[in-house]
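Visitor: attaching a predicted model along with its sequence, questions to come.
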Amino acid sequence: MLRYLAKRLAYYLLLLVVSIFLAYALSSASLNPRAYFEAKQPRPSAAAVDRQLTDLGINDRTPIVERFGHWSSDLVLHGDLGQSIHDTPINAEFGRRIWVSLRLMLVGSLLGMLLGVAAGAWGAVRQYRISDRALTIFSFVVLSTPVFLMALFLKNGAIALNQASGHQLINFTGYETPGLTGGFVAHLSDWSVHLLLPTLSLALGGLATYSRYQRGTMLDVLGSDYLRTAEAKGLTRRRALVKHGLRTAVIPMSTLFAYSFLGILTGATFTETIFGWHGMGEWFINAINENDTNAVVAVNLFAAVVVLASGFVADALHAALDPRVRH
């Protein structure tokens, strides 16, 4: 198993290098930081613009391979992501925003996956009953609703609830209350309240998606020979389903989880904007609007690491669930 995981890790590291170079090349070709400086008033000279772009490492008149070489060497040797178009360190902004986004994405994605797997397996066991049909209708309604629209529905619902009660029951702006005093319990409670609606907007989509796939894979194993054999050897129906049926049906879900994480990242971009979370998604949109090449590359680096790390975790889960991979 360790040999298998070592090979997968080397493969993902190679993919990471390729994805970073492509992100750098596409960002450099698509964005125009020169226009940002030329639009300033009073307008700087061409030499001054060139000098500033060169200092930031984003001069479009320098060959892209040379620019990427300087940027990547600073990243590998010093962990330096460069300077933003405002001449501020990318590392500081990256470190501040990464935990905001990870807090939202990890909780939302894990909650959506766990609930989706449980709901899908339950729906398969109760195939065509009222509960299964209700879950199917719910899933298709959620799947047909864009993430940003779901977030707006939740936000408007919280506003209506707060107005009806006359109290601020649900906080939905930002990820914490500014100036909050108190100990760890008070801050944890505050984070949980602010996390509620953004997490729901992501988790509901995950629940709907995973439940559909899990229902299908679970139906495939319900009539399998090994499940009937397990029951014939004395296992109860419930224990046979959990120990043999669900374990087999979950294997394809581990791969699905890894490569649907990019969709969660995209959904988090809209969710952060709507709920005022100053995370990587909001930063990415602002960086594109400002032609901030280094900031765009930094967010793409974050996305690549998250997706490829999810792929590695999926491979580890696959190896743990399927003995054929281990041997």
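Guide: Yep, that arrived.

Visitor: low pLDDT regions in this structure?
Guide: 258-259, 261-263, 266-267, 322-327 (pLDDT under 70).

Visitor: wait, residue 119 touches residue 135, no?
Guide: Yes: in terms of Cβ atoms under 8 Å, residue 119 counts as a neighbour of residue 135; the distance is 5.9 Å. The C-beta positions use only the backbone N, C-alpha and C, and glycine is treated the same way.

Visitor: which neighbours do these two share?
Guide: When contacts are counted by Cβ atoms under 8 Å, 6 or more residues apart in numbering, residue 119 and residue 135 are jointly contacted by residue 211.

Visitor: where along this protein do the strands fall?
Guide: Applying DSSP state E to the chain gives no strands.

Visitor: mind naming the longest helix for it?
Guide: helix 184-222 (DSSP state H).

Visitor: which elements pack onto that one?
Guide: Judged by 3 or more Cβ pairs under 8 Å, 6 or more residues apart in numbering; DSSP states H and E, the packing partners of helix 184-222 are helix 90-125, helix 130-143, helix 147-165, helix 247-259, helix 261-275.

Visitor: closest to residue 179 out of those helices?
Guide: helix 90-125 (17.6 Å; Cβ to Cβ).

Visitor: now do that closest one: which elements does it pack against?
Guide: Here helix 90-125 touches helix 130-143, helix 184-222, helix 247-259, helix 261-275, helix 280-289, helix 293-321, going by 3+ Cβ pairs under 8 Å, 6+ apart.

Visitor: packing partners for the third one?
Guide: Going back to what we said before, that points to helix 247-259. Helix 247-259 packs on helix 90-125, helix 184-222, helix 293-321, going by 3+ Cβ pairs under 8 Å, 6+ apart.

Visitor: can I get the ones you listed in CSV including mean neighbour count and distance to residue 49?
Guide: Below are the helices and strands packed on helix 247-259 laid out as CSV (neighbours: other Cβ atoms under 10 Å; distance: least, Cβ to Cβ, whole Å):
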stretch, mean neighbour count, distance to residue 49
helix 90-125, 20, 20
helix 184-222, 19, 40
helix 293-321, 20, 15
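
Visitor: ok, which of these comes nearest residue 37?
Guide: Nearest of these (Cβ to Cβ): helix 293-321, 12.5 Å.

Visitor: got the angle between that closest one and helix 90-125?
Guide: Orientation check (axes from the mean of the first three to the mean of the last three Cα atoms, to 10 degrees): helix 293-321 against helix 90-125 gives 40 degrees.

Visitor: and helix 293-321, what other elements does it pack with?
Guide: helix 2-30, helix 90-125, helix 247-259, helix 261-275, helix 280-289, helix 323-326.

Visitor: wait, which of these is closest to residue 231?
Guide: helix 90-125 (13.8 Å).

Visitor: return the distance of the closest one from the chain's centre.
Guide: 7 Å (Cα atoms, centre = their mean, to the nearest Å).

Visitor: any idea of the angle it forms with helix 247-259?
Guide: Using the same axes, to 10 degrees: helix 90-125 against helix 247-259 is 150 degrees.

Visitor: setting aside sequence neighbours, what's the nearest residue to residue 107?
Guide: residue 199 (5.2 Å; Cβ to Cβ, 6 or more residues apart in numbering).

Visitor: isn't that neighbour up against residue 111?
Guide: Yes: here residue 199 reaches residue 111: they are 6.5 Å apart, a contact under Cβ under 8 Å.

Visitor: at the geometric centre of the chain, which residue sits there?
Guide: For the chain, the residue sitting closest to the mean C-alpha position, by Cα atoms, centre = their mean, is residue 265 at 3.3 Å.

Visitor: so it sits against residue 307, correct?
Guide: Yes: in this structure, residue 265 is within contact of residue 307 by Cβ under 8 Å, at 7.4 Å.

Visitor: what about residue 38, neighbour count?
Guide: 12 (other Cβ atoms under 10 Å).

Visitor: same check on residue 88?
Guide: 11.
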